[in-house]
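Enquirer: Okay, sequence plus prediction incoming.
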Amino acid sequence: MTPLSRAGRATAGARRRIAVTAIAAVFVLAGCTPAGDRPETDGGAWVGFGPFEVRGGGAAPRILNGTSELRLPGGDLATIDAEKLLGSGPDLPPLPDRENYTITDEQYSYTLDGEAPRLVGVVQARHTMHFRGYTEDEFVTFVLAISAEHEPRELTRTRVLRGGEHTATITGRSDQGVIAVQLEGALNTNVPHDSRVIGVDAIRATEVWGKEHGYSGFGDGTASFYLAPARDACATEVQRYSVANGRAEHTESFANTDVATGGTCVTAPAAAAAAGAAAGT
Amino acid sequence: MVETAVPEAGAARAESQDSVESFAEGLRDLRINAGNPTLAAISAQTGISKSVLSVAFAGKGLPTENTVLKLVTLLHGNPREWRARRNALDPRNTGSEPVAEQAEAGRRFSLLQTALIAAGAALVAALITGVAMSSLGAGPTAEARHLTKAANGVDPMLTSCRDDAVIAASEARLDNLVHVQLMYSNDCMAVWGRVTRYDDKTDGNTMTMKVWPLDDPQSERAQSRTDVGLQSLYTPMIIEPDTAARICGQATIMVDGKTEDLGPKLCI
């Protein structure tokens, strides 16, 4: 190594100080940028979520449960959070008394608007209504179309059910804007428990089909509908249907569901578990 | 005077000139050379969803290695070359790091250059921060949307009428494959039609919808629109201040080259 002269050492020292100052300045200023712009390295490898990516391992999921962080096709990070999204659509009518809605559950999937990727959310909320001296709760389920950008926006908001306590689960997705939503619980007045599967076009904010008194196994493009009085009961009919339009592509009827007498007992949970495993949910 | 050493332009630089957009362009060329199969056909043969394919062909994102390999194999490309090209574009690709490190090692700057770079970096960071913060704070506003005034024949999506639009009438036709709807904006007193198909046959097929005042079908206010390759089509609007007057709509779609009448008119 060639020893440096005193002048050379002084120059090298000054250069180091400037470099350190420059790096510090960049870090200080970069610290002011939104956290979402900085890629994070913890939380597992990125796996495909349709045209997006999410952290995780194993199979690519087609449903996300709860507030989720994802990576957009362009590489930006985005967080989808129903608390922030619901009622936030800049071009939508405001949600009256938004502060009285408490989010109880949120699920997300993906679809297309033409050729543009979009996120779809099913958001359940408890709506507390205040009357003169007393309050009452109703349970509301919304389907949201959400923009795929760094700060996701609510593009459409479809209220698919309001009333008694119920659950809502995404049980199918398609590339035509439609998702299948399983509703279960107090769906009708004076009926304590019922089940229904509906197809909601989130892009155009419209319900396009419905199937009563049954349960759906998860499907991408096509899904299965089990006509049965209860989730664990033997189905009297199983449909393979298109999520986009609800039309049955194949129907199988089971007149005898009693296995003891040679019948066939098909239940939704077994098939749903298999489909769920395939969907990574 | 301390000299600056910059590595020679080589293969790494040639690779760095590639982009996700030109990668997608290459994929589109490959698709055309393979007979331009539809997204649905490619999806069916590869198992890749149409949404992922759409993003890949549009250049909106870098497809995964697995997607590229399946796609290129189907479209008769060279999987090895395409994989290498794809991985060179992936910022997470560790294979490119040694090249970058080498370049950094060979680069030395003068005192003045170091100071200029420091000042430049600080300025760029400040500008980026400012733009990001201002864009976050502002959000889209109605003023920023450059809205058109509502009038007969105007595209409703260019007006504020879409903000309060409701589906005033909706009917499923062709055994639920198509939905015909009339939209209404109370703020604009405007009606327009919308037809949406859920048969996954948008490619190459047309849709037509017309809307007209019931008491004057030949009116100049009647609107019609035909377009091809769309899943959903809406007509220009009709302004109808008379709340007692009725507006009707009717649609047709083409399926596999054959025009299907979507049934009786829908009126509100």
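Expert: Cool, the structure landed.
Enquirer: Break down the stretch 151-281 of chain A into its helices, ranges please.
Expert: Counting by DSSP state H, counting those that start in this stretch, the stretch 151-281 of chain A has helices at residues A:268-279.
Enquirer: that's a helix at residue B:56, yeah?
Expert: Yes - per DSSP: H, G, I helix; E, B strand; the rest coil, residue B:56 lies within a helix segment.
Enquirer: count of residues packed around it?
Expert: Counted with other Cβ atoms under 10 Å in any protein chain shown, the neighbours of residue B:56 add up to 26. Every residue, glycine included, has its C-beta placed from N, CA and C.
Enquirer: do residue B:88 as well
Expert: Counted by other Cβ under 10 Å, the residues lying close to residue B:88 total 18.
Enquirer: quick one: what helix or strand has it in it?
Expert: helix B:79-89 (DSSP states H and E).
Enquirer: what about that helix, near chain A?
Expert: No - figure legend: helix B:79-89 not in contact with chain A (Cβ under 8 Å from any Cβ of the partner chain); closest approach 11.0 Å.
Enquirer: Now for residue 172: which residues touch it?
Expert: Chain wasn't specified; assuming chain A. Taking Cβ atoms under 8 Å, 6 or more residues apart in numbering or on different chains as the contact definition, residue A:172 lies against A:179-180, A:199, A:216, A:218-220, A:222-223, A:243.
Enquirer: Chain B was what I was after
Expert: Applying Cβ under 8 Å, 6+ apart, the residues near residue B:172 are A:208-209, B:178-179.
Enquirer: Quickly find the element holding it.
Expert: strand B:166-173.
Enquirer: In strands only, show me the contacts of residue B:172.
Expert: Among those, DSSP state E puts A:208-209, B:178-179 in strands.
Enquirer: Could you identify which of those residues has the most neighbours?
Expert: That'd be residue B:179 among these, by other Cβ under 10 Å, with 26 neighbours.
Enquirer: Excluding covalently adjacent residues, which one is nearest to it?
Expert: Closest residue to residue B:179 apart from its sequence neighbours, by Cβ to Cβ, 6 or more residues apart in numbering or on different chains: residue B:196 at 5.0 Å.
Enquirer: Near the one you found, how many other residues are there?
Expert: Neighbours around residue B:196, by other Cβ under 10 Å: 26.
Enquirer: Does it touch residue B:176 like I think?
Expert: No - applying Cβ atoms under 8 Å as the test, residue B:196 and residue B:176 come out as separate, 11.3 Å apart.
Enquirer: Serialize the ones in strands among the contacts of residue B:172 to JSON lines and add fields for pLDDT and distance to residue B:30.
Expert: Shown next, in JSON lines, are these (pLDDT from 0 to 100; distance: Cβ to Cβ, whole Å):
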{"residue": "A:208", "pLDDT": "95", "distance to residue B:30": "35"}
{"residue": "A:209", "pLDDT": "96", "distance to residue B:30": "37"}
{"residue": "B:178", "pLDDT": "94", "distance to residue B:30": "34"}
{"residue": "B:179", "pLDDT": "94", "distance to residue B:30": "36"}
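Enquirer: Spell out the secondary structure type for residue B:32.
Expert: Strictly by three-state DSSP, residue B:32 counts as helix.
Enquirer: okay, it: pLDDT?
Expert: Note for residue B:32: predicted pLDDT of 86.
Enquirer: Can you pull up the most central residue in the chain?
Expert: Going with chain A. residue A:108 (0.3 Å; Cα atoms, centre = their mean).
Enquirer: meant chain B, my bad for not saying
Expert: With distances taken as Cα atoms, centre = their mean, the residue of chain B nearest its centroid is residue B:58 (8.0 Å).
Enquirer: Flag the shaky bits of the stretch 1-150 of chain B, pLDDT-wise.
Expert: B:1-16, B:92-145 (pLDDT under 70).
Enquirer: the helices in it, which residues?
Expert: B:11-16, B:20-33, B:39-46, B:50-58, B:65-74, B:79-89, B:97-105, B:111-138.
Enquirer: could you dump the fourth one to PDB, C-alpha only?
Expert: Spelled out, that is helix B:50-58. Extracted C-alpha coordinates of helix B:50-58, given in PDB (Å, rounded to 0.1, in the frame of the first residue of the first chain):
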ATOM      1  CA  LYS B  50     -56.500 -14.100 -17.200                       C
ATOM      2  CA  SER B  51     -55.900 -11.300 -14.700                       C
ATOM      3  CA  VAL B  52     -52.200 -12.300 -14.300                       C
ATOM      4  CA  LEU B  53     -51.900 -12.700 -18.100                       C
ATOM      5  CA  SER B  54     -53.400  -9.300 -18.600                       C
ATOM      6  CA  VAL B  55     -50.900  -7.700 -16.300                       C
ATOM      7  CA  ALA B  56     -48.000  -9.500 -18.100                       C
ATOM      8  CA  PHE B  57     -49.100  -8.500 -21.600                       C
ATOM      9  CA  ALA B  58     -49.900  -5.000 -20.600                       C
END
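Enquirer: Could you point out the longest strand of chain A?
Expert: Longest strand in chain A, counting by DSSP E: strand A:116-130.
Enquirer: show me the residues around the closest residue to residue A:233 other than its chain neighbours that make contact.
Expert: Spatial nearest neighbour of residue A:233, chain neighbours left out: residue A:267 (6.9 Å); criterion: Cβ to Cβ, 6+ apart. For residue A:267, the contacting residues are A:226, A:228, A:231-235, by Cβ under 8 Å, 6+ apart.
Enquirer: Tell me which other helices or strands the longest strand of chain A touches.
Expert: helix A:82-85, strand A:101-113, strand A:135-146, strand A:166-173, strand A:178-185, helix B:50-58 (3 or more Cβ pairs under 8 Å, 6 or more residues apart in numbering or on different chains; DSSP states H and E).
Enquirer: now those in JSON lines, with distance to residue A:253?
Expert: Shown next, in JSON lines, are these (distance: least, Cβ to Cβ, whole Å):
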{"stretch": "helix A:82-85", "distance to residue A:253": "39"}
{"stretch": "strand A:101-113", "distance to residue A:253": "30"}
{"stretch": "strand A:135-146", "distance to residue A:253": "31"}
{"stretch": "strand A:166-173", "distance to residue A:253": "21"}
{"stretch": "strand A:178-185", "distance to residue A:253": "21"}
{"stretch": "helix B:50-58", "distance to residue A:253": "32"}
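Enquirer: Where among the ones you listed is average confidence lowest?
Expert: Across the helices and strands packed on strand A:116-130, the lowest-scoring stretch is helix B:50-58, with a mean of 85.
Enquirer: Quick one: distance of that one to the chain centre.
Expert: 10 Å (Cα atoms, centre = their mean, to the nearest Å).
Enquirer: now it against strand A:166-173, angle please.
Expert: With axes from the mean of the first three to the mean of the last three Cα atoms, to 10 degrees defining the directions, helix B:50-58 sits at 50 degrees from strand A:166-173.
Enquirer: what angle sits between helix B:50-58 and strand A:101-113?
Expert: Using the same axes, to 10 degrees, the direction of helix B:50-58 lies 60 degrees away from that of strand A:101-113.
Enquirer: Residues of the stretch 151-268 of chain B that sit close to chain A?
Expert: Listed as neighbours of chain A in the stretch 151-268 of chain B under the rule Cβ under 8 Å from any Cβ: B:162-164, B:167, B:170, B:172, B:175-177, B:179, B:181, B:194, B:196, B:198-200, B:230-232.
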